[in-house]
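Peer 1: I'd like to go over a predicted model; first the sequence, then the structure.
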Amino acid sequence: MTDTLVLIDPAASTVEVADLGDPQLPVTDLSAHRGDGIFETVLVRIDRGVTVVSRDRHFARFCASASALGLPDPEPELWDRSLDTVIAEVRAAAPSLTEFGVRYALSRGTQNPDGSQSPRGWAFNVPVDEKITRARAQGISAVSLDRGYDAYLGSKAPWLLIGAKTLSYAVNQAAGRYAAEQGADEALFVSHDGVVLEGPTSNLIIRRGDRLLTPNPEAGLLSGTTQRLIFDHAGELGLSAEYADFGLGDVIEADGAWYVSSMRTAVSLNQLDGNPIPRDEVLTTQLQRLIMAG
């Protein structure tokens, strides 16, 4: 798949197609050495037209993250134009492609001599690779990791940015590497006082009978766009949907469990800390189709 990069200048409201292989980011940019910025990744499906899955949900969270970091309010028309430009470029270069992702980001930019800052943005395509398709088909295993703080800490310490999707992903990446070292596909964060939270890049949903349960975002996790899409349509599957606090035992004893995210859609969690979890093939397929429909 041909790589496409779009540069976004929030101050000038401009979008420019650039070469992803060329240098673009100065080393003084605050995203490069402080992770000071935000991002979103959307799944794009091509089937008799273009579907950007949960487009509005992603942009609403992008704006909420900008507010939490004190970044300029993202201009909807500008970011819509940047996303549409990437999609158009990818489709022109690879007309047979049926799905791919687009990641867009806003950095605080560089610090100017007068103390002001020059935010910059960018957007580029990401592939739906073999690892993603394998996880969709086969499911995953996970190990639980202590997140290092108690549940609901965010309400007492908003500066921790627990509910913002920032570019500072070092902890998430480290958790993924640790899980791999333990022979697992994923990590599952748990609060220090035992409340299940989320995966490093996914939300968790479990099924108990005809109820879907997911951790409350206020407990200390990112509010998921894919999780909310599923909850909005749970009734169509004959299920109710609730936010709840639960522990590792509840996940292991559930009738099914899924990691849900924009690119992987819904993948079955087959094993947690070496304990098998029932795999609901029918509901997994229904969830994947629901998400892909946007």
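Peer 2: Right, received. Where do you want to start?

Peer 1: tell me the domain boundaries of the chain?
Peer 2: According to the TED database, the chain is divided into the following domains: 4-128, 134-293.

Peer 1: next SSE after the strand or helix carrying residue 85?
Peer 2: Per DSSP states H and E: residue 85 is located in helix 76-93. Where DSSP H and E defines the elements, the next helix or strand beyond helix 76-93 is strand 99-111.

Peer 1: so how far is the next helix or strand after that following strand from its chain's centroid?
Peer 2: Downstream of strand 99-111, the next assigned helix or strand under DSSP H and E is strand 117-126. Offset of strand 117-126 from its chain centre (C-alpha atoms, centre = their mean, to the nearest Å): 17 Å.

Peer 1: Run the angle between strand 117-126 and strand 99-111 for me.
Peer 2: Angle, strand 117-126 to strand 99-111, by axes from the mean of the first three to the mean of the last three C-alpha atoms, to 10 degrees: 160 degrees.

Peer 1: Give me the contact list for strand 117-126.
Peer 2: For strand 117-126, contacts defined as C-beta atoms under 8 Å, 6 or more residues apart in numbering pick out 1, 3-11, 20, 24-25, 29-30, 41, 71-72, 79, 82-83, 85-86, 89-90, 100-112, 263. Just so you know, the C-beta spots here come from the backbone N, C-alpha and C atoms, and that holds for glycine as well.

Peer 1: Pull out the buried positions in it.
Peer 2: Using 16 or more other C-beta atoms under 10 Å as the test for burial, strand 117-126 gives 117, 118, 119, 120, 121, 122, 123, 124, 125, 126.

Peer 1: One more: stretch 19-39?
Peer 2: 29, 30, 31, 36, 37, 38, 39.

Peer 1: Reformat the residues you listed as TSV; add distance to residue 224, pLDDT and secondary structure.
Peer 2: Formatted as TSV, these follow (distance: C-beta to C-beta, whole Å; pLDDT from 0 to 100; DSSP: H, G, I helix; E, B strand; the rest coil):
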residue	distance to residue 224	pLDDT	secondary structure
29	28	92	coil
30	27	92	helix
31	23	93	helix
36	23	95	coil
37	20	97	strand
38	16	97	strand
39	15	97	strand
